[in-house]
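Participant: no sequence for this one, just the structure:
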């Protein structure tokens, strides 16, 4: 027994002494004389009554330990996803192992003490009959199943949750994050082989940067062979049609192999590339032998503004190369000289709509500049642009997401762009550079040969051959440059793609970096037009290089309305489609009406309204369902005041890979993390008999003991009346009122 209203012992002692003193004082001063014994008896009865009443006010209680098995339920969750249909040792399917485990080990351990309820989970949580389990779920959403169990049993006493699974977790969230120690513990039981006998798997297929017109794309492939270290084939398909076959050899059993295949997707529509491994005898999971990736069409031509400090061979050859590229829309401004008032004059070649805004040599308003995807500054001195124009160009890269390409020795002479808003945009430092341009001489003929760096060998700008070997061979044959501007070192995060050997050591020739939302590039060489003049007429290395350099600079620039990329979309699920809406100066628009039109794989359409999700960035979001596998086309239209601001389009592949069959081994780590995060345990199949004791201890810990009130009953009331009646009777008998 203990008191619900607790006081220190010395306080209780003082209260008892005070009560006794009060009781004695009530009878000590009576007019009617009483013998000492009678006075003591009456004072004792009065003190006992007061102490008894005080004890009732302190609420005496008795602690009743909980009954561990009374009304305690144990949900049993069985993984019913497709990976549970895989056969393991002896050809027995995992779902059959789970059924036998439930029938022979788990239910006998729970019967008589706990009430068990059986559920299956895959795409969703569903009640199940133990004798009719089927492994047909498209994914293993363990996190969603645990959340659903928590909601369903919120008002009931749960001893623990038993999970029988192979550890596959293809839900949208980490399952260990959906449990906590304060909730019902999870006891996970793993089924499946830690290592299958033989399994071939395509681990990943990634496409290079979105192609522009007539460009090639690198497919980076990773595959693995488990249980067999022999060579195997990779078959590449374009829209279901075989186009290539590569034979790869793993270094060891289970060691991933990598391959790069260059493809040329058509420009009219999105192209689906699939990499598959032909089936082999003994392969336990054929569904993970293939993966697909979608290459979107190039879209509109990239708009490029080229500003030249003066006419020259270099610029003429570059413009000639870009003019024949249907993926580039080029506007050029050439400074011719000065008029009679000393003002610069310009020769402008641009579209009729944009030419008037270039009459002064550079756009005067942000909206006019932001129409372009990239800007090329060719032999333009640092003081040729005003500081507000330089700041606007810096913001063009940083905030608008445009590209900047700077080339030509005049751009780096003397102060150059050092100390201007463009200095930090450029990938090379301008503070530790040399003076002037290092030019070739008769003693140094044939000049400055170009050498690719390791980053350059893998970069799309430098890819001027159909294969890596052809690209390397072509760069070795490139004629040397006449000179190079001795710029400084690379900025953190920048990449040097090519070098030249100067008298004082290797110097960066071509460097790139990301800056804010955009990209920047420096070409420090002189007279690259020699590449065109000194190579055979059929060689197009010069044209390919400059087209790809400008394409790379312009490729990342978003449109006024842009749809964020979607990755790893699973059939049968929904995904949030985010749309960014901006004005002509690329300030966010928060009052637009945005609608999504989704073209389904079968040709049907559905319309979805997108609501404003972030006012600061002008981002809108709409929920789109991807019920069936295939290619979806999403068109976003933004309107304001009844007028259409812009449209954007994105292609999405649902079901490009079978994540449910990825790495079909028993994943004990996932199950251990979930069990540990919840305060439970991970058990092997042969340890299932321990569930009874584990659940009993967990429910005792989880349920607090019951407090039983001792004063709130008829006997306490009767005792109090008895004491009062006894005192009253003795008082009357002894002559007191």
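Facilitator: That came through fine. Just so you know, these numbers come straight off a predicted model, no measurement behind them.

Participant: tell me which element the residue nearest to the spatial centre of the chain falls in.
Facilitator: With distances taken as Cα atoms, centre = their mean, the residue of the chain nearest its centroid is residue 567 (9.3 Å). Per DSSP states H and E, residue 567 falls between elements, in no helix or strand.

Participant: The residue nearest to residue 150 when sequence neighbours are not counted - how many residues pack around it?
Facilitator: In space, and not counting its chain neighbours, residue 150 is closest to residue 183: 6.4 Å by Cβ to Cβ, 6 or more residues apart in numbering. Every C-beta, even on glycine, is put in place using the N, C-alpha and C of the backbone. By other Cβ atoms under 10 Å, 20 other residues sit near residue 183.

Participant: Same question for residue 594.
Facilitator: Neighbour count of residue 594, defined by other Cβ under 10 Å: 25.

Participant: same deal with residue 198?
Facilitator: Using other Cβ under 10 Å, the number of residues around residue 198 comes to 14.

Participant: Also the one 5 residues further on?
Facilitator: The criterion is other Cβ under 10 Å. On that basis, residue 203 has 16 neighbouring residues.

Participant: Give the pairing partners of whatever helix or strand residue 164 lives in; include direction for each.
Facilitator: Here residue 164, judged by DSSP H and E, is contained in strand 161-165. Strand pairing for strand 161-165, using DSSP bridges, gives strand 72-79 (parallel), strand 186-190 (parallel).

Participant: Tell me the helix or strand right after the first one.
Facilitator: Downstream of strand 72-79, the next assigned helix or strand under DSSP H and E is helix 94-101.

Participant: Let me know the angle separating that following helix from strand 72-79.
Facilitator: Computed with axes from the mean of the first three to the mean of the last three Cα atoms, to 10 degrees, the direction of helix 94-101 lies at 160 degrees from that of strand 72-79.

Participant: buried residues in helix 94-101?
Facilitator: Using 16 or more other Cβ atoms under 10 Å as the test for burial, helix 94-101 gives 94-99, 101.

Participant: Pick the one among those residues closest to residue 323.
Facilitator: Nearest to residue 323 among the buried residues of helix 94-101 is residue 94, at 62.1 Å by Cβ to Cβ.

Participant: Leaving out the residues flanking it, which one is nearest to the closest one?
Facilitator: Nearest residue to residue 94, sequence neighbours excluded (Cβ to Cβ, 6+ apart): residue 84, at 4.5 Å.

Participant: any idea how far residue 133 is from that neighbour?
Facilitator: 9 Å (Cβ to Cβ, to the nearest Å).

Participant: just residue 222 next, same as before
Facilitator: 34 Å.

Participant: So if I had to pick from those two, which one is more boxed in?
Facilitator: Neighbours per residue (other Cβ under 10 Å) separate residue 222 from residue 133, with residue 133 holding more: 20 against 16.

Participant: distance of that one from residue 34?
Facilitator: In terms of Cβ to Cβ, residue 133 sits 87 Å off from residue 34.

Participant: what about residue 399, how many residues close to it?
Facilitator: Residues within reach of residue 399, counting by other Cβ under 10 Å, total 16.

Participant: Report pLDDT for it.
Facilitator: Looking at residue 399, its pLDDT is 93.

Participant: isn't it right next to residue 586, touching?
Facilitator: Yes - in this structure residue 399 lies within contact range of residue 586 using Cβ atoms under 8 Å: 6.6 Å.

Participant: before we move on, back to that, may I see the strands paired with strand 161-165 organised as CSV, with distance to residue 366, mean neighbour count and mean pLDDT added?
Facilitator: Shown next, in CSV, are those (distance: least, Cβ to Cβ, whole Å; neighbours: other Cβ atoms under 10 Å; pLDDT from 0 to 100):
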stretch, distance to residue 366, mean neighbour count, mean pLDDT
strand 72-79, 55, 24, 91
strand 186-190, 56, 26, 93
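
Participant: all strands for the stretch 401-550 of the chain, in order.
Facilitator: 403-407, 438-439, 450-452, 483-484, 495-502, 505-515, 518-523, 525-526 (DSSP state E, counting those that start in this stretch).

Participant: Between the ones you listed, which one is closest to residue 536.
Facilitator: That would be, of these and by Cβ to Cβ, strand 450-452, which comes in at 17.8 Å.

Participant: Quick check: which helices or strands does that closest one pack against?
Facilitator: helix 468-477, strand 495-502 (3 or more Cβ pairs under 8 Å, 6 or more residues apart in numbering; DSSP states H and E).

Participant: Ranking the ones you listed by mean neighbour count, which comes first?
Facilitator: Ranked by mean neighbour count, the helices and strands packed on strand 450-452 are led by strand 495-502 with a mean of 20 (mean count of other Cβ atoms under 10 Å).

Participant: What lies in contact with it?
Facilitator: 427, 438, 448-453, 455-456, 459, 461-462, 481, 484, 486, 490, 506-513, 525 (Cβ atoms under 8 Å, 6 or more residues apart in numbering).

Participant: Please apply the same query to stretch 718-731.
Facilitator: 38, 41-42, 45-46, 48-49, 52-53, 56, 737.

Participant: which residues sit against stretch 44-51?
Facilitator: Under the contact criterion Cβ under 8 Å, 6+ apart, stretch 44-51 has outside partners 16, 19-20, 22-24, 26-27, 720, 723-724, 726-727, 730.

Participant: How about it, which residues are buried there?
Facilitator: 45-50.

Participant: what do you get for stretch 362-381?
Facilitator: The neighbour-count check on stretch 362-381 (16+ other Cβ under 10 Å) flags 362-363, 366, 368-381 as buried.

Participant: okay, now the domains of this protein?
Facilitator: 2-65+707-733, 72-191+665-702, 199-298, 302-555, 561-654 (automatic domain parsing).

Participant: Least confident of those, on average?
Facilitator: When I compare the domains of the chain, domain 2-65+707-733 is least confident, with a mean of 76.

Participant: start to end distance for it?
Facilitator: One end of domain 2-65+707-733 sits 38 Å from the other (Cα to Cα, to the nearest Å).

Participant: Over to stretch 343-363?
Facilitator: 16 Å.

Participant: Can we start the residue count at 9 from this point?
Facilitator: Renumbered: residue one is now 9, and that last one reads stretch 351-371.

Participant: Contacts for that stretch next, please.
Facilitator: Taking Cβ under 8 Å, 6+ apart as the rule, stretch 351-371 contacts 313, 315, 337-347, 372-373, 376-377, 379, 392-393, 397.

Participant: Give me the buried subset of these.
Facilitator: Buried among these (16+ other Cβ under 10 Å): 313, 315, 337-343, 376-377, 379, 392-393, 397.

Participant: Next secondary structure element downstream of the helix ranked longest in the chain?
Facilitator: Taking DSSP state H as the criterion, the chain has its longest helix at helix 44-65. Downstream of helix 44-65, the next assigned helix or strand under DSSP H and E is strand 68-72.
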